[in-house]
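Visitor: Return atomic coordinates for the entry below.
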Amino acid sequence: ELCRIARRHSLPIILHTRGAEAKVFEVRPESHCLHSGGKRKLGKQIADAGYFLSIPTSVMKNEHVQGMCRVLPKENLLTETDAPYQGVDRDDFPNEPKNIPEALASMAEVRGESCDELRDQILQNYDRLFMHRAPARALFNA
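Guide: Modelled structure (predicted):
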């Protein structure tokens, strides 16, 4: 019912698909947002299909997340905390939005890009998703 309401009002739909990314992407529900992890190749396929992927704050230390961040187009990136989980390390609980600026700096470093430029692109991505300035589909949590 919530999906029907969201579609009727052109609102993004976020589906938390942790552990089921491939299956959900295969089915491709009529949603705007999916929340996912997964492998780099799958992440790239999802981005190529026009979805966004968000990078959690664990990008500061997690090599897998860093690798995902490195291969995805910046036009498909978002940031997230996945609070209270996926903090910088196991002792960083609960994870909080205050960790996003440091995660953004790590994302820029991993990608070899300017932090300000990446921040501006990610803000544009959020505008496209939530302000409906362009078709919005997203896959969250790389």
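
Visitor: Tell me how far residue 126 lies from residue 58.
Guide: Separation of residue 126 from residue 58 (C-beta to C-beta, to the nearest Å): 20 Å. C-beta coordinates here come from the backbone N, C-alpha and C atoms, glycine included.

Visitor: between those two, which one's more packed in?
Guide: Neighbour count, other C-beta atoms under 10 Å: between residue 126 and residue 58, residue 58 has more, with 23 against 16.

Visitor: Quick one: residues contacting the more buried one.
Guide: Counting by C-beta atoms under 8 Å, 6 or more residues apart in numbering, residue 58 makes contact with 65, 86-88.

Visitor: now residue 94
Guide: 83-85, 87.

Visitor: Now neighbour count, pLDDT and distance to residue 47 too, for these, in TSV please.
Guide: Listed next are the contacts of residue 94 as TSV, based on neighbours: other C-beta atoms under 10 Å; pLDDT from 0 to 100; distance: C-beta to C-beta, whole Å:
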residue	neighbour count	pLDDT	distance to residue 47
83	15	72	24
84	11	73	27
85	14	72	23
87	22	70	25
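
Visitor: Just give me the closest of these to residue 100.
Guide: residue 83 (10.3 Å; C-beta to C-beta).

Visitor: Enumerate every residue touching the closest one.
Guide: Counted by C-beta under 8 Å, 6+ apart, residue 83 has contacts 94-97.

Visitor: Can you tell me which of the residues you listed are buried?
Guide: With neighbours counted by 16 or more other C-beta atoms under 10 Å, these contain buried members at residue 95.

Visitor: need the contacts of residue 83 in CSV with secondary structure, pLDDT and distance to residue 118, can you?
Guide: Shown next, in CSV, are the contacts of residue 83 (DSSP: H, G, I helix; E, B strand; the rest coil; pLDDT from 0 to 100; distance: C-beta to C-beta, whole Å):
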residue, secondary structure, pLDDT, distance to residue 118
94, coil, 83, 25
95, coil, 83, 20
96, coil, 85, 21
97, helix, 86, 17
